[in-house]
Structure formats: structure tokens, C-alpha cells
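> no sequence for this one, just the structure:
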């Protein structure tokens with residue numbers, strides 16, 4: 001055997017050894033993570049809220065679902081381009097998860113924000129899409145266990161419904177986050193205050209302390225930026241998203257006052273970049289409720305499910321408060337009988 005073939009044999013052996021070491025190390029990490037997650041859930045008195053129905057008995061009071069208030073799930077997917085059908089695991093994750101409480105009788109809207117790291121049961125599948133069962137995981141992953149389109153949205157709706165105590169999700173709309181820049185510019189930009197360090201590395205104008213009217217890619221940077229070296233960075237980022245939503249709603253109302261075709265233009269812009277089971281009338285009505293409301297969408301109208309961020313050895317997690325979440329859902333979608 002020549003020296004060349006001996007060297008190839010040695011290098012091949014080293015490569016296989018590295019692969020085996022990596023495989024066992026990764027398996028160990030997953031095993032340890034599962035143990036750690038179980039411990040942290042127990043320590044935080046985490047529990048799964050049992051599903052509700054149209055009539056709920058809670059804390060000695062009877063509640064009924066208000067038929068005029070619909071729950072629409074909005075999903076921001078961390079992908080670009082059109083939302084194409086993909087194999088399991090390749091369709092992106094839910095970078096933003098929001099439930100819109102639309103009161104059709106009063107033409108009012110409230111938004112419930114769900115942290116992407118919220119720990120809740122989601123449906124797991126293998127790479128072929130065969131369902132393996134459910135496990136408590138980050139809710140953001142539920143989208144990835146689908147096809148990148150309708151099935152992914154259904155997986156998310158299922159996970160959100162269970163998280164919110166069995167609340168019926170009346171429809172969904174998913175859009176990839178690459179559309180943020182275009183939507184921002186359509187309303188002439190959104191003014192925000194930069195509260196955190198680090199964004200200036202993505203754009204020199206986004207310096208902490210500055211007030212900036214966002215344009216183009218700046219909007220996507222502001223909405224999506226987080227310092228992953230900081231614990232619970234995704235949770236801290238939600239304050240940026242809340243500020244942007246408030247600013248966007250104000251900007252779009254001003255734009256609509258100048259151009260009564262604003263909402264139609266927005267929907268035409270995102271049509272090829274969204275997945276929804278809502279009719280055009282439904283999402284146009286929601287848009288009009290926001291545009292022509294006499295009141296601005298303020299902090300009291302943009303809520304976050306209560307809970308706390310937990311740092312494990314491997315991942316950030318958000319452990320929601322079941323009782324606080326249940327009460328918030330009742331306040332938004334039910335009425336006391």
C-alpha cells in the first residue's frame with residue numbers, strides 16, 4: 001500500500017471518528033436539554049391549560065364565548081420570497097406569533113403577543129411528515145413541522161389553541177418577514193426610538209438613543225434584531241415589536257386619510273407572500289377596523305401572555321402563567337354570564 005493510500009485511509013478513519021463523536025455528543029445534548037426542560041417546568045409550576053369550550057366555569061364564574069369577537073392568528077415567518085411548499089423542517093419558523101382579537105360588532109382590535117420561546121405542546125413529525133406525537137417544545141418550532149404553507153399554519157393554530165386553553169382559532173394569516181420593509185415604506189415609514197445597543201452594526205443610523213423614521217431594510221432590522229448573546233433576547237425584542245406595531249398603526253391611519261385605497265394596496269402587495277384561510281372580505285374588514293377607528297391602538301390594546309423567561313444550559317424558554325393566561329383569554333374573547 002502506497003503512502004498516499006495509507007494517508008487517505010487514516011484521514012477517512014479520523015473523519016468517521018469525528019462524525020461518531022459529533023453524533024453521540026449531539027444526542028447527549030438533546031437528552032440533557034430534555035432533562036433540564038423538565039426540571040425548569042416543574043420548578044416554575046408549569047402546567048398545560050385544559051381545553052375550554054363555548055361555556056367556561058372559572059374561579060366560580062360562568063363565561064361564554066362572545067360570538068362577535070373572533071380570534072385570528074397572525075404569523076411572521078423567518079423566510080424570504082414566496083411561501084412555497086417545502087419538506088418538513090425546511091419551511092422556516094414562526095418568528096412572530098400574534099392573536100388578533102377582532103370585535104366585529106364594535107369594529108375594535110386588540111393584539112395578543114405570544115413569545116416565540118413559549119414552551120407548550122406541539123406536534124412533532126419525522127422528515128417525511130409522519131406524526132410522531134406531541135412534546136413540550138418552543139412554540140416557534142410548530143411551524144417548521146409542516147409544509148411551509150397551510151399545514152404549517154394549521155400546526156401553529158393547533159399549538160396556539162392548546163396554549164390558550166382550547167380557544168377556537170377562527171382563521172390564520174402567515175407572511176414572511178421580508179415583506180416588513182415594503183409595508184413600512186408604503187405608509188411613508190415609521191418613527192421609533194432606539195432603546196438598545198447593537199443595531200448600529202446592521203445600520204449606522206440605528207444608534208441607541210436616536211429617534212429614527214425607519215425606511216427600507218431599517219424596519220426589518222428594528223423588528224427582528226436581537227443580541228443572541230443576551231439571555232431571553234427574543235423576549236426583550238418584543239418591546240421593539242410592540243413599539244413598531246403602535247407606530248405602524250398610527251402611520252397607516254394617516255396614510256389612509258390621504259388615500260382611501262391604502263388597505264387594498266397593502267393586501268395586493270402581500271398577496272403572493274402570505275398564506276391565509278381568511279376570505280378577502282374578512283381581512284379587509286379587520287384592516288378597515290384599524291384604519292378607521294376613532295382611537296389609536298395603544299399599549300392597553302397590545303398584550304403579552306403573562307409568564308417568565310427561563311434560561312437553561314442550552315436554550316432560552318418562556319414559561320407562561322396558566323392562570324394569568326386563562327384570565328386574559330376570558331377578558332378578550334368571553335363575557336361573564
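Ah, there it is. Since the structure is predicted, the reported quantities are computational estimates derived from the model, not experimental observations.
> list the buried ones in stretch 120-129?
120-125 (16 or more other C-beta atoms under 10 Å). Where C-beta positions appear, they are placed from N, C-alpha and C, glycine not excepted.
> with respect to residue 209, which of those residues is nearest?
Distance to residue 209 across the buried residues of stretch 120-129 (C-beta to C-beta) is lowest for residue 120, with 36.7 Å.
> ok, and the closest non-adjacent residue to that closest one?
residue 163 (4.4 Å; C-beta to C-beta, 6 or more residues apart in numbering).
> that neighbour: how many residues sit nearby?
Other residues lying near residue 163 total 26 when counted by other C-beta atoms under 10 Å.
> I figured it hits residue 114, correct?
Yes - with contact defined as C-beta atoms under 8 Å, residue 163 counts as touching residue 114 (7.1 Å).
> find residues that contact each of the two.
139, 305 (C-beta atoms under 8 Å, 6 or more residues apart in numbering).
> where along the stretch 201-337 of the chain do the helices fall?
217-224, 233-258, 262-270, 280-291, 322-333 (DSSP state H, counting those that start in this stretch).
> mean pLDDT lowest for which of the ones you listed?
Of all the helices of the stretch 201-337 of the chain, mean pLDDT reaches its minimum on helix 280-291 (a mean of 80).
> what's the domain layout of the protein?
1-43, 55-336 (automatic domain parsing).
> before we move on, the earlier item: among the buried residues of stretch 120-129, which pair sits farthest apart?
Longest span within the buried residues of stretch 120-129, C-beta to C-beta: 120 and 125, 16.7 Å.
> I'd like to know how many residues surround the closest residue to residue 199 other than its chain neighbours.
Nearest-residue entry for residue 199: residue 206, 3.7 Å, with adjacent residues in sequence omitted and distances by C-beta to C-beta, 6+ apart. By other C-beta under 10 Å, 21 other residues sit near residue 206.
> next: residue 117.
Residue 117: 21 neighbours (other C-beta under 10 Å).
> stretch 325-332: which residues count as buried?
Quick answer for stretch 325-332 (16+ other C-beta under 10 Å): 325-326, 328-330, 332.
> whoops, stretch 177-192 was the one
177, 179-181, 183-184, 186-187, 189-190, 192.
> which ones among the residues you listed lie within helices?
180-181, 183-184, 186 (DSSP state H).
> past the lowest-mean-pLDDT helix or strand in the chain, which element shows up next along the chain?
Ranked by mean pLDDT, DSSP states H and E, the helix or strand of the chain with the weakest confidence is helix 3-43, at a mean of 49. Once the chain leaves helix 3-43, the next helix or strand it forms, by DSSP states H and E, is strand 55-58.
> buried residues, that following strand. List them.
Buried residues in strand 55-58 (16+ other C-beta under 10 Å): 56, 58.
> and it, what's its mean pLDDT?
The model assigns strand 55-58 a mean pLDDT of 85.
> so which residues of the stretch 51-200 of the chain form helices?
Under DSSP H, counting those that start in this stretch, the stretch 51-200 of the chain gives helices at 150-163, 180-186.
> which among the ones in helices among the buried residues of stretch 177-192 gets closest to residue 100?
residue 183 (15.9 Å).
> that older thread, closest one of the buried residues of stretch 177-192 to residue 199?
residue 192 (10.4 Å).
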